[in-house]
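J.: here is the input, now give the coordinates:
(chains A and B)
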Amino acid sequence: MSTSSHTELPALARAGHAAHCKRCLSGLPGSQVEVDGARLALSFYCIGSLDLLGVFFEKTSQFDREEWREWIWEQHISGKYGTGFRPSPFMTTAGIAEGYEYTDYDTPHIIMTYTALLCLAILRDDFSRLDRTGLTTFIRACQREDGSFSTVPGSGEFDLRTLYCAFAISSMLDDWSGINVPRAVEFISTCRTYEGGYGQSPFCEAQGGTSYIAIASLHLAPSSFLPNGPLTPAERELTVNWLLQNQAPSGGFKGRTNKEADACYCFWCGAGLHILGAKEFVDKQALAGFLASCQFKYGGISKAPGEHPDPYHTYLSLAALAMYSPYTEGAEGNEATWQFESLDPLLNAKESTARWAREHIPARSIATTGHGVGVE
Amino acid sequence: MTSPADVLYADNPAWADVTPLPQYEGVNPLAPILYTEEYKDATDYFRGIVKTGEKSPRVLELTEKIIRLNPAHYSAWQYRFETLKAVKVPLEDELKLMDELAVKYLKTYQVWHHRRLLLTESYNLEPKRELEFIAKSLKADTKNYHTWSYRQWLLAFVNDGELWVGELDFVEEMLNEDLRNNSAWHHRFFVVWLGGGGGGMGVGGTREEKERVLRRELTFTKQLISLAPNNPSAWNYLRGVLDRTETPYGLILPFVRLYIVNLSDRAGSTDIVDVENPPPSEGAQLPCTAALEFTADAYERQGDDEGRKKAVELWKVLANEQDTIRKRYWEFRIRGVEKKVGA
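T.: Down below sits the predicted model:
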């Protein structure tokens, strides 16, 4: 009963999608003010899209890239809860002078810290300015009694998203001393539901985004913490089944049972399946067909056909295609526009970018580069 | 308490004693927002207030203004909450304002987070009023994730027997409106099997009680499946209940089989309606994909060659006719058991 057709796809409008993201990087209209407390995350979706499209260095100037790096490092701040990145200077009144300490209303934010590290990896920063010890202190300050993590230290706003960020940061640092892993893993398990997915907090409905986050976190954690593996075989089977059930006849993925398909869930569900080794079961052609129909005529990808595009849906759609390109290598013409360099589904970054992060963020990278010894 | 909306703080004599502090932008910023004059003015004064640490009634007015312009401004929410505590405003008043803002900014995390804080801090608030408010706001958006999460959090947080009692009726009301509302099905699972609404299921409970609840849930689910057979939410719930209670899938097969044959094939057999096994509604599209999947799983779990062969037949129907988008998955399942057949 599926409408999975193998008719030819239109071109993926790569130049248009790149232009959409570049436009957002240069400025957002006042109507986008809700992004004020999440500008680094939005910047990641823009820079990340350009990276996935393979045009980041070609479409941006050396001058801009240097300025952006400086701006991101300006968000790297230290204080009583340790060091991390804030979303933007939306609560900041002056530049960082020597001995600057943040206030309780301008602290680092754990989601922004994760996206800042990825942005800097795309910019191929050497991370020599990263306060690694402060970063683990900050992660520790965000972990709550129940194992979850708050967005900013001391806040009661927490869910699985923040836990994933703590895990991804620790994995990039190759230092898990900032986390009580068993407690965090226990928190993840309380978010699991009878459907096989995970909700954003205990007792909540299974949802594609938080399910990705749970699965990725369980696979990022060092295996020594998970003597029985990330999931039992029975759990894995149920989860794969539920994730696959979310691929709608349109080819797109839904985020919850009986909801409409949405471009972002092509990534969240698709990446979950990839991590679980069930990539081959996804109908790639149908997936690409759905994303093709979400392209906005002036560039950018929207959540569903006929809606307005934004960097979030653009990035996640491209990231989905980087895992599920409908054509094999060496395709030509329109087909070639659907080709991507492969993606690291655990960190949610292009493989070469994830590799850069893992080589330059750990503390050991300073020692090795200091002696002129290359990192493996 | 609010000033006229069109007056900037910079022009308001009541704020003349506050030094506004503009935002520092630094070097060539990433994704700068072209703020409206109104937002820039309000946040300049907010940064000024934060700097002096003032916590007074006018700060409530200022933070409300910012929140209305940008409900995701988490620092404004945070400062507002601290100010509320400092000036000892009755939290009930705040909750009334939140009733309005929650409906207006239904999809913003902070609205719900603030509400949780109010409830956590003030024990004299009436949780029943909260449940009513949630029910009302779910009318506006029946699947809103934040709203449902808040209801689940509230029930677990208060954990009061009386509060649990009404939940099953509430779920049924929501399902009467839309029996494909997965949030309502999920809520039912939470209430019956994890919370205190199952008549002793959540905590302890005697064997008889457990059996009674299981029977009730199976009857309920079967009835809703019979009304709309192609409803994955109901099938997922059915499986969830069987898994939770470790009930063999095979026990339900007499019911499920009715959903894999065509109506014409069972003509004349529907005169006597078996209440345990309600048949599909007239005109339902059969065979039902979920029923095929369920039956195949039940056969596979028999663990013998006969069961495996029957499962393979059904998976072939799924792969080639009924669920071709997941063709590769069904073929994988076939390969998985074929290795075992005769082994």
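J.: quick one: average confidence on stretch B:206-225?
T.: Average pLDDT, stretch B:206-225: 93.
J.: pull the CA atoms of it into CSV?
T.: The C-alpha trace of stretch B:206-225 is given here as CSV (Å, rounded to 0.1, in the frame of the first residue of the first chain):
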residue,chain,number,x,y,z
THR,B,206,-3.5,-8.4,44.3
ARG,B,207,-3.5,-11.1,41.6
GLU,B,208,-7.2,-10.8,41.2
GLU,B,209,-7.0,-7.1,40.7
LYS,B,210,-4.3,-7.4,38.2
GLU,B,211,-6.3,-9.9,36.2
ARG,B,212,-9.3,-7.7,36.3
VAL,B,213,-7.4,-4.7,35.0
LEU,B,214,-5.8,-6.8,32.3
ARG,B,215,-9.3,-8.0,31.2
ARG,B,216,-10.7,-4.5,31.3
GLU,B,217,-7.8,-3.1,29.2
LEU,B,218,-8.0,-5.9,26.6
THR,B,219,-11.8,-5.5,26.2
PHE,B,220,-11.4,-1.7,25.9
THR,B,221,-8.6,-1.9,23.3
LYS,B,222,-10.4,-4.6,21.2
GLN,B,223,-13.5,-2.5,21.1
LEU,B,224,-11.6,0.5,19.8
ILE,B,225,-9.7,-1.6,17.3
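J.: please name the nearest non-neighbouring residue to residue 175.
T.: Unless you meant another one, I'm taking chain A. The shortest distance from residue A:175 to any residue other than its chain neighbours is 5.9 Å, reached at residue A:136 (Cβ to Cβ, 6 or more residues apart in numbering or on different chains). In this view, the C-beta of every residue, glycine as well, is placed from N, C-alpha and C.
J.: not what I meant, chain B
T.: Closest to residue B:175 by Cβ to Cβ, 6+ apart is residue B:184, at 5.1 Å.
J.: which strand or helix spans that neighbour?
T.: helix B:182-189 (DSSP states H and E).
J.: next SSE after that helix?
T.: Past helix B:182-189, the next helix or strand by DSSP H and E is helix B:207-227.
J.: returning to what we had before: residue B:169 is in contact with the residue nearest to residue B:175, correct?
T.: No: the pair residue B:184 and residue B:169 fails to qualify as a contact (Cβ atoms under 8 Å) at a distance of 11.9 Å.
J.: neighbour-wise, which of those two wins?
T.: Set side by side, residue B:184 and residue B:169 show more neighbours around residue B:184, with 25 against 9, by other Cβ atoms under 10 Å in any protein chain shown.
J.: measure that one to residue B:152 for me?
T.: Separation of residue B:184 from residue B:152 (Cβ to Cβ, to the nearest Å): 12 Å.
J.: give me the common contacts of these two.
T.: Taking Cβ atoms under 8 Å, 6 or more residues apart in numbering or on different chains as the contact rule, residue B:184 and residue B:152 have no neighbour in common.
J.: what distance do you get for the residue nearest to residue A:175 to residue A:173?
T.: Taking Cβ to Cβ, one finds residue A:136 at 7 Å from residue A:173.
J.: quick one on the thing from earlier: against which helices or strands is the helix holding residue B:184 packed?
T.: Contact analysis of helix B:182-189 by 3 or more Cβ pairs under 8 Å, 6 or more residues apart in numbering or on different chains; DSSP states H and E lists helix B:145-158, helix B:167-177, helix B:232-244 as its packing neighbours.
J.: can you say which of those is packed in most?
T.: Mean neighbour count (mean count of other Cβ atoms under 10 Å in any protein chain shown) peaks for helix B:232-244 among the helices and strands packed on helix B:182-189, with a mean of 22.
J.: hmm, who's touching it?
T.: With Cβ under 8 Å, 6+ apart, helix B:232-244 has contacts from A:193-195, A:242, A:245, A:257-258, B:179-182, B:185, B:188-189, B:193, B:214, B:217-218, B:221-222, B:224-225, B:228, B:247-249, B:252, B:290-291, B:293-294.
J.: got the CA coordinates for whatever helix or strand comes next after it in CSV?
T.: Remark: after helix B:232-244, the chain's next helix or strand is helix B:253-256, criterion DSSP H and E. The C-alpha coordinates for helix B:253-256 follow below in CSV (Å, rounded to 0.1, in the frame of the first residue of the first chain):
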residue,chain,number,x,y,z
LEU,B,253,-5.3,-14.7,18.1
PRO,B,254,-9.0,-15.5,17.9
PHE,B,255,-9.6,-11.8,18.0
VAL,B,256,-6.8,-10.7,15.7
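J.: just checking, what packs against helix B:253-256?
T.: Using 3+ Cβ pairs under 8 Å, 6+ apart, helix B:253-256 sits against helix B:289-302.
J.: now do the helix it packs on against helix B:232-244, angle only.
T.: Using axes from the mean of the first three to the mean of the last three Cα atoms, to 10 degrees, the inter-axis angle of helix B:289-302 relative to helix B:232-244 is 20 degrees.
J.: could you find the closest non-adjacent residue to residue A:115?
T.: Residue A:115's closest residue in space is residue A:44 (Cβ to Cβ, 6+ apart), at 3.8 Å.
J.: helix or strand for that neighbour, which one?
T.: Counting by DSSP H and E, residue A:44 is part of helix A:39-52.
J.: do residue B:99 as well
T.: Applying DSSP H and E, one finds residue B:99 within helix B:91-104.
J.: report the mean per-residue pLDDT for that helix.
T.: 89.
J.: what residues sit buried inside that helix?
T.: B:91, B:94-95, B:98, B:101-103 (16 or more other Cβ atoms under 10 Å in any protein chain shown).
J.: low-confidence ranges in chain B?
T.: In the prediction, chain B carries residues with pLDDT under 70 at positions B:1-5, B:123-124, B:197-205, B:262-273, B:343.
J.: how about stretch A:146-153 and chain B, touching?
T.: Yes: using Cβ under 8 Å from any Cβ of the partner chain, stretch A:146-153 comes into contact with chain B via A:151-152.
J.: which non-adjacent residue is nearest residue A:281?
T.: residue B:329 (4.0 Å).
J.: try residue A:12
T.: residue A:337 (4.2 Å).
J.: return the distance of stretch A:147-162 from the chain's centre.
T.: 17 Å (Cα atoms, centre = their mean, to the nearest Å).
J.: helices or strands up against the helix or strand harbouring residue A:316?
T.: Applying DSSP H and E as the criterion places residue A:316 in helix A:311-323. Packing partners of helix A:311-323 (3+ Cβ pairs under 8 Å, 6+ apart): helix A:14-26, helix A:39-52, helix A:263-275, helix A:284-293, strand A:343-344.
J.: next one: the shortest one to chain centre, how far?
T.: The one in question is strand A:343-344. Using Cα atoms, centre = their mean, the offset of strand A:343-344 from its chain centre is 10 Å.
J.: pull up the pairing partners for that strand, direction included.
T.: In the sheet containing strand A:343-344, its partner strands are strand A:349-350 (antiparallel), by DSSP bridges.
J.: what does the partner strand rub up against?
T.: Contacts for strand A:349-350 (Cβ under 8 Å, 6+ apart): A:48, A:51-52, A:118, A:121-122, A:322, A:341-344, A:357.
J.: contact partners of the helix or strand following that strand?
T.: Using DSSP H and E, the helix or strand that follows strand A:349-350 in sequence is helix A:351-360. Residues from elsewhere that reach helix A:351-360 (Cβ under 8 Å, 6+ apart): A:51, A:117-118, A:121-122, A:124-127, A:171-172, A:174, A:341-344, A:346-347, A:349, A:365, A:375.
J.: just the buried positions in the helix or strand where residue B:137 lies, please.
T.: Assigned by DSSP H and E, residue B:137 belongs to helix B:127-140. By neighbour count on 16+ other Cβ under 10 Å, the buried set for helix B:127-140 is B:127, B:130-131, B:133-134, B:137-138.
J.: what is the burial count for the residue of chain A found nearest chain B?
T.: Nearest to chain B in chain A, going by Cβ to the nearest Cβ, is residue A:194, at a distance of 3.1 Å. Residue A:194: 22 surrounding residues under other Cβ under 10 Å.
J.: contacts only, for residue 112.
T.: Let's take chain A. Here residue A:112 is in contact with A:38, A:40-41, A:75, A:84-87 (Cβ under 8 Å, 6+ apart).
J.: chain B is the one I meant
T.: Neighbours of residue B:112 in contact, by Cβ under 8 Å, 6+ apart: B:102, B:146-147, B:149-150.
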